[in-house]
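> the following block contains a protein sequence and its predicted model.
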Amino acid sequence: MLLIGLDLAWGEKNSDGVCLIRYARRRARILGYAYPRGDDALIAALVPHLKPDEPAFAAIDAPIVCPNPTGARPVDRLTHTLFHREHAACHPANLTQCPRPPRVLARLATDLGFVAGWQDSGLRLATEVYPHPAMVRFFRLPRIIKYKKGRVADRRREFRRLQRLLRALLAAEFPFLTLDAETKILLAAPWSKPVEDRTDALFCALIALWHVHHQGARSEILGEITTGFILLPSSSSMAKL
């Protein structure tokens, strides 16, 4: 099975972070990364890694199921109820603000045979993930890691903290995952936008790997398939790092 972590840009100007993992016989290895820009380049980055008729699971940080033209989705509001104390709630998502993610899901469906979902059925599934609440759960944090906003020095310090926590998480919870040389470099590299985007893609891929490896037993779904949903690690399955 091919696992895809995708830090998807909501618009057209920025590149997408992509992390690829091969999973078989309860072992996994990181295949590598890509940094495409635009829908066509994204599809082209995935095609060489998908074997004919191979199942796949894509964990995408973007509102791929977003039928509402304005306002917020029910799942967005739910994250405010569940994660407002940790500052990990979603931004309101609608088709006016972010038309690209649903369009990318449609391209994944048409070109590569993906469908939206999370239950392992031998298909190619695409699911939405949101790193902030997943990090709160994986790392048992009282607040999010604030590497996205704020002063540059503070963001870089927080990013180094994220790298340390990721290294600890990989050792504690993913000993069955073989890291490649690029990942080892990535987890020690100084902050830059491409490094951040690839790191986010790696984290999305780890959510996918967690879900598949534990056959959904240690995951939770917020929301609904028709109005928008988010896959998270379940809070009861986390060990303190």
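Arrived safely, thanks for sending.
> who's in contact with the nearest residue to residue 97 once chain neighbours are set aside?
Closest residue in space to residue 97, ignoring its immediate chain neighbours: residue 10 at 7.5 Å, by C-beta to C-beta, 6 or more residues apart in numbering. (Glycine included, C-beta is placed from N, CA and C.) By C-beta atoms under 8 Å, 6 or more residues apart in numbering, residue 10 lies in contact with 62, 97-98, 100-101.
> quick one: which of those is nearest residue 232?
residue 62 (15.4 Å; C-beta to C-beta).
> secondary structure element holding residue 196?
Assigned by DSSP states H and E, residue 196 belongs to helix 193-213.
> how about the residue nearest the centre of the chain, what does it touch?
Nearest residue to the geometric centre of the chain (C-alpha atoms, centre = their mean): residue 204, 2.4 Å. By C-beta under 8 Å, 6+ apart, the contact list for residue 204 reads 5-7, 19, 59-61, 129, 131.
> do residue 8 as well
16, 60-62, 64, 100-101, 104.
> equivalent analysis for residue 31, please.
Residue 31 touches 20-22, 49, 180, counting by C-beta under 8 Å, 6+ apart.
> next: residue 203.
By C-beta under 8 Å, 6+ apart, the neighbours of residue 203 are 5, 131, 134-135, 166.
> residue 230: which of the residues you listed is nearest?
Checking the contacts of residue 203 one by one against residue 230 (C-beta to C-beta), the nearest turns out to be residue 134, at 8.8 Å.
> pretty sure the closest one sits against residue 232.
Yes - between residue 134 and residue 232 a contact is recorded at 5.4 Å, counting by C-beta atoms under 8 Å.
> which neighbours do the two share?
residue 207.
> quick revisit: where strands are concerned, which of the contacts of residue 203 count?
Secondary structure from DSSP state E places residue 5 of the contacts of residue 203 in strands.
> mind picking the two most distant members of the contacts of residue 203?
Pairwise over the contacts of residue 203, using C-beta to C-beta, the maximum falls at 5 and 135, 13.7 Å.
> in terms of neighbours, single out the busier of these two.
Ranked by neighbour count (other C-beta atoms under 10 Å), residue 5 and residue 135 place residue 5 first, with 30 against 22.
> please name the nearest non-neighbouring residue to that one.
residue 205 is the one closest to residue 5 (C-beta to C-beta, 6+ apart), at 2.8 Å.
> thinking again about what came up before, I'd like the contacts of residue 8 as TSV, with secondary structure appended.
Shown next, in TSV, are the contacts of residue 8 (DSSP: H, G, I helix; E, B strand; the rest coil):
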residue	secondary structure
16	coil
60	strand
61	coil
62	coil
64	coil
100	helix
101	helix
104	helix
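> for those residues, which one is nearest residue 215?
residue 60 (20.4 Å).
> in this structure the closest one contacts residue 6, no?
Yes - between residue 60 and residue 6 there is a contact under C-beta under 8 Å: 4.5 Å.
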